[in-house]
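1. My questions are about this predicted structure, shown below with the sequence.
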Amino acid sequence: MISEKDIIKVGSTQKPYGIRGEIVILFSREEYCEADSEYYFLMIDGIPVPFFIEEFTFTSNLSARVKFEDLEDEKDASKYVNLDVYLPRNFISDENPAERDSWHLLVGYDVVDQHGEMLGSISSVDDSTMNVLFVLLKDEEELLIPATEDFITAIDQDKKIIEMNLPEGLLEN
């Protein structure tokens, strides 16, 4: 079984398209739309389930109509609306070398501080402003940390752990 740390969210399913069982996928980044894959994982009840692609048709630079195997009509496709879509991490980094340093590839990694204390897991990256932030979750609590190479001291890609040396007072409320 694949671990959530081995996959990366690339988009979400939207509405069924037509009568042949196609479904629209909206990708969060253009690079994800262009990643060449034979399958996607759809997150169903917290479990990544692989769906194999029969046909793939771009509808814009961020969306595509996808016909998955075993989905025969719009009724089948409608069961898979509003689900998160994932790809294995190595599909993104291997297929798109320019994305290798992207902060978004670190979603799912655990973050520890300079004292070895677990701060949380990166649930998302907020790049809506000039100052990019890691959004960490720990015990249902959200923590924002600047995503900057200045604070990162080590990244263990095998264990999916980032070690950060954070300035005093950054984590205080």
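-> Received it, and whenever you're ready, just let me know what you need. Numbers count the residues shown, from 1 in each chain.
2. those helices in this structure, which residues are they?
-> 30-34, 74-77, 89-95 (DSSP state H).
3. just how off-centre is stretch 163-170 within its chain?
-> With Cα atoms, centre = their mean, to the nearest Å as the basis, stretch 163-170 stands 25 Å off its chain's centre.
4. which parts of that stretch are buried?
-> 163-164, 166 (16 or more other Cβ atoms under 10 Å). Every C-beta, even on glycine, is put in place using the N, C-alpha and C of the backbone.
5. tell me the contacts of P88?
-> Going by Cβ atoms under 8 Å, 6 or more residues apart in numbering, P88 touches 2, 6-8, 41.
6. just the buried members of the residues you listed?
-> Neighbour-count burial (16+ other Cβ under 10 Å) applied to those gives 7-8, 41.
7. thought E72 was touching E22?
-> No. With contact defined as Cβ atoms under 8 Å, E72 and E22 do not form a contacting pair (10.7 Å).
8. Same drill for the two, tell me which one is more crowded.
-> Remark: of E72 and E22, E22 carries more neighbours, 23 against 12, as counted by other Cβ atoms under 10 Å.
9. Give me the neighbour count for the nearest residue to V24 once chain neighbours are set aside.
-> Nearest in space to V24, with sequence neighbours left out and distances taken as Cβ to Cβ, 6 or more residues apart in numbering, is Q14 at 4.0 Å. By other Cβ under 10 Å, the residues close to Q14 number 15.
10. Next up, the contacts around Q14.
-> Counting by Cβ under 8 Å, 6+ apart, Q14 has contacts 23-26, 63, 81-82.
11. same check, this time on L119
-> Counted by Cβ under 8 Å, 6+ apart, L119 has contacts 111-113, 136, 138, 143, 145, 164, 171.
12. hmm, back to that, between the helices of the chain, which one is nearest to E55?
-> Taking Cβ to Cβ, helix 74-77 is the member of these nearest to E55, at 12.6 Å.
13. Much appreciated, bye for now.
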